[in-house]
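In: sequence below, structure please.
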Amino acid sequence: MTKRLALLLALAAAGSTLASAGTTAYFVRTNGRDEAYLWKAESSGAISLVPPVFPMWGTAGYYNDRPVVSPDNKKLVFAKSGDLWIRDLGTLDEHRITHAARPYDGEHSWVSIEIRGWSPRSDRLLYEIVRPDRYPRDNCGGGTLPVTRDAPYGLYLYEEKTETSRAVTLPGWFVAWLSSQEVVATTEPNRFASSLVRVKLESSEQKPLSFPSDRSCGQLAANTEGSWLLASCNWDRKGQLMEMDLRDGQLRSLTPEREFADLQWPTFSPDGSRIAWVRRSRPPWDQPIGSLVVDSNEVFACKPPGSGLDYRWIDDRTILCDCYTDLFVIDASTGAVKGTMPTAARVP
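Out: Prediction:
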């Protein structure tokens with residue numbers, strides 16, 4: 001056990017607010033360097049660290065991606081020696097789902113595997129076996145460039161029910177899941193200068209995702225049923241949250257026009273009845289402060305000297321907030337703190 005993990009476990013044991021168990025959510029945060037930690041939060045307010053530490057970027061020369069918790073909080077996908085594994089968070093059983101990762105050996109380039117994301121119902125996972133020359137670079141240091149290995153590069157769809165993977169093709173970059181059968185992708189390989197389309201995974205059928213042409217819309221998040229889609233749209237340093245009915249493509253505005261920083265990372269609550277997002281403000285001569293907004297009401301803010309805020313719904317009434325040095329379980333309606341945990345794991 002590392003000294004850092006021992007310290008975090010001691011903090012968790014000392015600082016957790018113990019109460020009767022309720023709904024559980026898991027949250028991954030990194031230390032800003034090469035390790036990721038899994039935290040468990042209860043709707044009662046209890047917060048605890050779940051060992052082990054997950055190494056990232058550089059175990060035996062492999063690329064290691066950040067672990068990702070499934071939306072239903074039952075599974076975790078993570079990298080071990082470059083390949084992807086899935087852990088059942090209830091039983092702690094693990095199984096390997098890829099066998100393609102390879103390290104750089106001085107002659108041949110690495111083969112890395114990157115997690116793209118879980119479907120809203122947690123029944124499918126997208127991942128990519130990435131070509132090392134995806135971002136070609138000049139040989140600035142001189143010498144011989146590594147040889148690109150033969151590997152089954154490309155995007156893959158993993159089926160949790162059958163524990164099998166198959167290759168899938170998208171017109172450009174994967175952007176977001178809409179449902180277990182449909183995703184959003186860019187129309188071109190350049191993801192920052194492309195329009196968005198809806199793609200049916202079973203048929204590759206495509207149709208435009210009709211956001212206003214005068215603004216850029218991103219940070220997409222669908223509800224579990226795949227019937228509604230949230231987006232943070234911006235133009236001329238302004239922003240607005242919008243909601244799309246995926247059944248007919250109709251759009252409606254959820255907020256007035258505001259500063260773009262006021263409207264970040266919107267998400268639905270687990271049952272889709274509530275919406276939360278992050279508001280960032282910058283006091284004079286200080287670091288940005290993150291605040292959590294739920295149903296248009298600011299309910300919680302990180303304390304100075306400043307911090308970005310990350311969050312995850314625990315249930316429809318409770319949210320876990322990450323404020324750089326501390327984790328908080330809060331009531332989503334009142335902002336009342338139900339539990340807190342200091343942590344030495346730095347948010348990147």
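In: tell me the strands in the stretch 101-250 of the chain, going along the chain?
Out: Secondary structure of the stretch 101-250 of the chain (DSSP state E, counting those that start in this stretch): strands at 112-118, 124-130, 154-159, 164-168, 174-177, 182-186, 196-200, 206-208, 216-222, 228-235, 238-245.
In: from the contact counts, what lies against the fourth one?
Out: So the one you mean is strand 164-168. Judged by 3 or more C-beta pairs under 8 Å, 6 or more residues apart in numbering; DSSP states H and E, the packing partners of strand 164-168 are strand 154-159. For the C-beta atoms, the positions are set from N, CA and C on the backbone; glycine is no exception.
In: for the strand it packs on, the distance to its chain's centre please.
Out: Chain-centre distance of strand 154-159: 18 Å, with C-alpha atoms, centre = their mean, to the nearest Å.
In: dump the strands of the stretch 101-250 of the chain into TSV; add mean pLDDT, distance to Y26 and mean neighbour count as well.
Out: TSV is the format used below for those (pLDDT from 0 to 100; distance: least, C-beta to C-beta, whole Å; neighbours: other C-beta atoms under 10 Å):
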stretch	mean pLDDT	distance to Y26	mean neighbour count
strand 112-118	92	12	19
strand 124-130	95	16	21
strand 154-159	96	19	17
strand 164-168	96	23	13
strand 174-177	95	19	22
strand 182-186	95	23	21
strand 196-200	94	29	20
strand 206-208	92	34	12
strand 216-222	94	18	19
strand 228-235	94	22	21
strand 238-245	95	26	19
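In: redo those as JSON lines? Include distance to Q287.
Out: Output for those, formatted as JSON lines (distance: least, C-beta to C-beta, whole Å):
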{"stretch": "strand 112-118", "distance to Q287": "29"}
{"stretch": "strand 124-130", "distance to Q287": "34"}
{"stretch": "strand 154-159", "distance to Q287": "37"}
{"stretch": "strand 164-168", "distance to Q287": "41"}
{"stretch": "strand 174-177", "distance to Q287": "29"}
{"stretch": "strand 182-186", "distance to Q287": "33"}
{"stretch": "strand 196-200", "distance to Q287": "33"}
{"stretch": "strand 206-208", "distance to Q287": "40"}
{"stretch": "strand 216-222", "distance to Q287": "22"}
{"stretch": "strand 228-235", "distance to Q287": "22"}
{"stretch": "strand 238-245", "distance to Q287": "21"}
